[in-house]
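K.L.:
Structure, please.
(chains A, B, C, D, E and F)
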There are 4 protein chains.
Amino acid sequence: MSQLAANSAATAETKRLRPARTNATRQKLFDAAMHLIGERGASGVTVDEIAAAAGVSKGTVYYNFGSKSDLVAQLVRHGVDLMLEQLAEAKAAEDPIESTRNMIDQAIQFLSEYPSFARLWVSENWKIPSEWHEVFTELRGKLLAVIGEALDGIALKYPVNPKIARGSLETAIFGASFVVGLDVQTYHPERTRAQSVDAIMTFVHGYVLP
Amino acid sequence: MSQLAANSAATAETKRLRPARTNATRQKLFDAAMHLIGERGASGVTVDEIAAAAGVSKGTVYYNFGSKSDLVAQLVRHGVDLMLEQLAEAKAAEDPIESTRNMIDQAIQFLSEYPSFARLWVSENWKIPSEWHEVFTELRGKLLAVIGEALDGIALKYPVNPKIARGSLETAIFGASFVVGLDVQTYHPERTRAQSVDAIMTFVHGYVLP
Amino acid sequence: MSQLAANSAATAETKRLRPARTNATRQKLFDAAMHLIGERGASGVTVDEIAAAAGVSKGTVYYNFGSKSDLVAQLVRHGVDLMLEQLAEAKAAEDPIESTRNMIDQAIQFLSEYPSFARLWVSENWKIPSEWHEVFTELRGKLLAVIGEALDGIALKYPVNPKIARGSLETAIFGASFVVGLDVQTYHPERTRAQSVDAIMTFVHGYVLP
Amino acid sequence: MSQLAANSAATAETKRLRPARTNATRQKLFDAAMHLIGERGASGVTVDEIAAAAGVSKGTVYYNFGSKSDLVAQLVRHGVDLMLEQLAEAKAAEDPIESTRNMIDQAIQFLSEYPSFARLWVSENWKIPSEWHEVFTELRGKLLAVIGEALDGIALKYPVNPKIARGSLETAIFGASFVVGLDVQTYHPERTRAQSVDAIMTFVHGYVLP
DNA sequence: AATGAATGAGCATTCATTCAT
DNA sequence: CATGAATGAATGCTCATTCAT
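P.N.:
Take a look at the predicted model:
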């Protein structure tokens, strides 16, 4: 079953994010591609497989997405949009630290709902040359900016360690979140979301001076 | 130039890790493969390219390594051994926090010397099925154990936050290190190693109670 | 712009040659197809491109012409009719040599106006099997007949070299005309029509005894 | 059977023209490709067919020629080299007109021996954009130069018509030769080579003033 | 009369692997 | 030890054609 469709809570948002002319076909291909590529990586999946999994012909993939590369790019973009939207909703709290915690919690939840997206991200992000370098650069910037805003909010209200290079800190939190999120699914399904969030929040608490 | 050979400080250790019957041909192939695969990923490099870069014929690759997959597996195992060895050397400090910092510093340095290894890790580790799953799982356990020991050392000497679930914390540090290390190379080559280490070390200040 | 429509002098004739029920859509497709196929050859143009150039949907091409092959066949037939008609008009001169010159001049002009037709001819005529063999064979016969009549007229009024095998001579003139006409467009756009005609007319001076 | 190999008289020359490292494989592919492409055009023949006709696997085509496009380019180049060599041998006569006649005779004979080459030439030469435009331009220049030299020889010894634009005249002779050569095979196998040559020589006689 | 989504057979090309020398 | 010619299964992509609307 489609991972995207599986998340009933996100259905309303998902719909908004999709292009106006959402065909059943495009959606089926999207879901099938996200699932397969998330598991085996973009280069480990053939267009034939995606088409078969979506129950359409190979030509249909090209009719709808132009190329395998474009399909992946749209997949990444869609995932990030969805993640950003969920993060935006999460940060509405009084205290900035609380707000940041909510955000990380939401991120971990997102990664558990869309493990394929997380795998796609980590497996394609740092390749050289990456076919989707521009897409990743842009989307990486957006995600880091969201983390950065949360840290800004904290720095406004609390004293923070000025020695910590911002930028690197965002990246550390970003990386910790992705890896913790993936590892929970692959190696430690028994761990609770709260445990993951607490571990990642350690970085935040270390940023704030006592 | 070979990334392995580039690290003169590690030369002695490196030699020990290599098969006794290391001939020039095997070594040339090893270096060429590490370099190319580090840049473009295992599936992004052809056996022809590796052979050409090593200045030998394609048949020689098969004569020496049996298959492309075996070549990569040997590459990964070599990286694993080397990283563990370097981390072991790094933790020899009086203060456990200082020791942990040394370890992280060493890890970041290792990732910058063997970007191939780090990229291979993130792109293959969570795949289903992963071609080199065993070797990755083994390394993961060993690395998390090393981080765990460092945390144990800290917990013995300092009061730490008991709410933090150990296990998740190791994973968070592990993930932060890999992602920060990779991001520096791909997106921020201007950042210093100290910046990266400081950012990752933030977790200590969050873990240790004030 | 349409090559067919471009020739204002031929407009009246052209209209006559077109199917009575010429609607705008068919005409747009006809013009677009002639233009594109003239430049890149029948197999080098896709139905999508023709439809796009005509500003209609792909289905419309099939609705109007049944198949790409049929569209090309109609294009060729139209060219045949037009060329024969123009040659017929040209030979109305007193002197048979003058009449022949007019004909060749008209042929060269036709080839420059319908390069599509000439290119289609040379690229398809001698293929085994040729998709449009019948229509080409028919045209070939008619064209050689026209040249033959011109030679008959010359032979009636002037002494000619009896050693020259008629039949081969027509073919030589025919070939010279097509190749000179095509070469002007592809390699020597600076050459005048008069130059081309003079070169081809050389055969007359070689045919007619001094 | 191979057209190239079929000409026992040309075997000696053929051998000389081939690259030093002439494999049986390359030669088989060359022959098969020339035959098939000559009949159906470059785009009408698949690499599978060429490989099958040569009795090798498809990969072997790419191992030896790099791409279908390169194979065709080498085919054209080889054919022209062969033709030029035969023409060079033919023009060794006292009288320049006699020499020219020998050359045209040789050309017609060449075209009858290698009809595939002639078809390949006419079907690919004038396409826009031609994949092999540079190759054709270069080789076209060489062939026209040979005709031009013959005409130069005539102009030195005989009075010639100064009104005739040289360049166009070469093209006319060139085109007449190819088309007469092809038409004999396709439509008039009963015609003798002398008839063809006489017809083409009409252009030459028309060039010389009485 | 027209559309455009969908199809699927077909094609050029790649590449890990084999093997005779 | 090493080579490099040969292989063939796999793959991304094209495009003429169909058909429900």
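K.L.:
A:P159 reaches A:L209, doesn't it?
P.N.:
Yes - contact criterion Cβ atoms under 8 Å: A:P159 and A:L209 qualify, at 4.4 Å. From N, CA and C alone the C-beta is placed, and that goes for glycine too.
K.L.:
The longest helix seen in chain A: which residues count as buried?
P.N.:
As assigned by DSSP state H, the longest helix anywhere in chain A is helix A:133-157. Neighbour counts using 16 or more other Cβ atoms under 10 Å in any protein chain shown place A:133, A:135-136, A:139-140, A:143-144, A:146-151, A:153-155 of helix A:133-157 among the buried residues.
K.L.:
who does that helix touch, helix- and strand-wise?
P.N.:
Applying 3 or more Cβ pairs under 8 Å, 6 or more residues apart in numbering or on different chains; DSSP states H and E, one finds that helix A:133-157 contacts helix A:68-90, helix A:96-113, helix A:168-186, helix A:193-207.
K.L.:
ok, 10 Å please
P.N.:
helix A:68-90, helix A:96-113, helix A:115-124, helix A:168-186, helix A:193-207, helix B:168-186 (3 or more Cβ pairs under 10 Å, 6 or more residues apart in numbering or on different chains; DSSP states H and E).
K.L.:
which bits of chain A sit near DNA strand E?
P.N.:
A:N23, A:A24, A:T25, A:R26, A:V56, A:S57, A:K58, A:G59, A:T60, A:Y62, A:Y63, A:N64 (Cβ under 7 Å from any atom of the strand).
K.L.:
Return a ChimeraX selection command for the buried portion of these.
P.N.:
In ChimeraX, this line selects whichever of the residues of chain A next to DNA strand E come out buried by 16+ other Cβ under 10 Å:
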select /A:26,56,60,64
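K.L.:
When you compare pLDDT across the residues of chain A next to DNA strand E, which one is lowest?
P.N.:
Least confident entry in the residues of chain A next to DNA strand E, by pLDDT: A:N23, with 82.
K.L.:
Could you tell me which residues make contact with A:H205?
P.N.:
A:I97, A:D198, B:N161, B:I164, B:T202, B:F203, B:H205, B:G206, B:Y207, B:V208, B:L209, B:P210 (Cβ atoms under 10 Å, 6 or more residues apart in numbering or on different chains).
K.L.:
and of the residues you listed, the nearest to DNA strand E?
P.N.:
Closest approach to DNA strand E among those (Cβ to the nearest atom of the strand): B:F203, at 39.5 Å.
K.L.:
Local confidence estimate at the nearest residue to that closest one once chain neighbours are set aside?
P.N.:
Leaving aside its chain neighbours, B:F203 sits nearest to A:T202 (4.6 Å; criterion: Cβ to Cβ, 6 or more residues apart in numbering or on different chains). The model reports A:T202 with a pLDDT of 96.
K.L.:
ok, A:T202 - contacts?
P.N.:
Residues in contact with A:T202 (Cβ under 10 Å, 6+ apart) are A:173, A:176, B:161, B:163-164, B:168-169, B:172-173, B:202-208.
K.L.:
which one of those residues sits closest to DNA strand F?
P.N.:
For the contacts of A:T202, the nearest to DNA strand F is A:A176 (32.3 Å; Cβ to the nearest atom of the strand).
K.L.:
my guess is that closest one contacts B:G206, does it?
P.N.:
No - here A:A176 lies out of contact with B:G206, judged by Cβ atoms under 10 Å, at a distance of 11.4 Å.
K.L.:
element containing the residue in chain A positioned nearest to DNA strand E?
P.N.:
Closest to DNA strand E within chain A is A:G59: 1.9 Å, counting by Cβ to the nearest atom of the strand. Using DSSP states H and E, A:G59 falls within helix A:58-65.
K.L.:
picking up where we left off before, which among the residues of chain A next to DNA strand E are in contact with DNA strand F?
P.N.:
Restricting the residues of chain A next to DNA strand E to contacts with DNA strand F (Cβ under 7 Å from any atom of the strand) yields A:K58, A:G59, A:Y62, A:Y63.
K.L.:
Between these, which sits nearest B:F30?
P.N.:
A:K58 (39.3 Å; Cβ to Cβ).
K.L.:
need the contact list for the closest residue to the closest one other than its chain neighbours.
P.N.:
Spatial nearest neighbour of A:K58, chain neighbours left out: A:A51 (4.5 Å); criterion: Cβ to Cβ, 6+ apart. Taking Cβ under 10 Å, 6+ apart, we find A:A51 in contact with A:K28, A:L29, A:A32, A:A33, A:S57, A:K58, A:G59, A:T60, A:V61, A:Y62.
K.L.:
one more time with 7 Å
P.N.:
Shown in contact with A:A51 (Cβ atoms under 7 Å, 6 or more residues apart in numbering or on different chains): A:S57, A:K58, A:T60, A:V61.
K.L.:
Quick check: the two most widely separated of these?
P.N.:
Longest span within the contacts of A:A51, Cβ to Cβ: A:S57 and A:V61, 8.1 Å.
K.L.:
Looks like A:M83 contacts A:L111 (just checking).
P.N.:
No - with contact defined as Cβ atoms under 7 Å, A:M83 does not count as touching A:L111 (8.4 Å).
K.L.:
The helices and strands packed on helix A:133-157: lowest mean pLDDT?
P.N.:
helix A:115-124 (a mean of 88).
K.L.:
What does A:V160 show for phi and psi?
P.N.:
With angles defined as degrees, to the nearest 10, A:V160 sits at phi -120, psi 160.
K.L.:
Looking at A:A176 and B:G206, which is more packed in?
P.N.:
The neighbour count for A:A176 versus B:G206, taken as other Cβ atoms under 10 Å in any protein chain shown, is higher for A:A176 (31 against 23).
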